[in-house]
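Undergrad: below: sequence and its predicted model.
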Amino acid sequence: MIKLFALIFFVIVMEESHHLSAILVAVAITLISTLLTHMLCKDERHDEIGLKINRKFFIYLMHLAKEIFFSTVSVCKAICFRKKSNICPVTAKIITKQKTDEAKVLFGNSITLTPGTITVDIDDNTVMLHAIEADCIDGAKNLDKEIVKSQL
């Protein structure tokens, strides 16, 4: 049930318009699609995703939102003030501390969601990423620490 509320919350946040009618439509679509998915897949056996959706998960999402905000500002400054910025694209390998595949995927997706960085490859405990500046790599390392701290 918590996952359903988290999904509804996510859909509402991602909604372009926050009018009551738009929110009600988003909630209705989410509930209908969840119900249809449950009806169509109830006979299939599948493992549950190993992510824990709890208070620590939402703290991680807030940290991710902060990283996305500051990265967006950094990329906008680099684009708008090209003469003053030092855009120097780099690729780097980061050794991740994530234990589960789900946490590694969450880490890779978090890197890709952050403007200026893209996850290129995940191999065992090594994540290859591309960034527009070397400073972006520090942000990726901070995300790795936050996922470990949140024990997701």
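TA: Good, I have the coordinates.
Undergrad: C-alpha from now on. contacts and neighbour counts both.
TA: OK.
Undergrad: I'd say Ile8 and Val27 touch.
TA: Yes. Between Ile8 and Val27 there is a contact at 6.0 Å, judged by C-alpha atoms under 8 Å.
Undergrad: mind listing what the residue nearest the centre of the chain touches?
TA: By C-alpha atoms, centre = their mean, the chain has its centre lying nearest to Ser110, at 3.6 Å. Ser110 makes contacts with Leu64, Leu143, as judged by C-alpha atoms under 8 Å, 6 or more residues apart in numbering.
Undergrad: Glu15 now?
TA: Ala22, Ile23, Ala26.
Undergrad: from the residues you listed, list just the buried residues.
TA: The neighbour count (16 or more other C-alpha atoms under 10 Å) marks Ile23, Ala26 as buried among those.
Undergrad: could you dump the contacts of Glu15 to TSV with pLDDT, secondary structure and distance to Leu129?
TA: Formatted as TSV, the contacts of Glu15 follow (pLDDT from 0 to 100; DSSP: H, G, I helix; E, B strand; the rest coil; distance: C-alpha to C-alpha, whole Å):
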residue	pLDDT	secondary structure	distance to Leu129
Ala22	82	helix	37
Ile23	83	helix	36
Ala26	82	helix	34
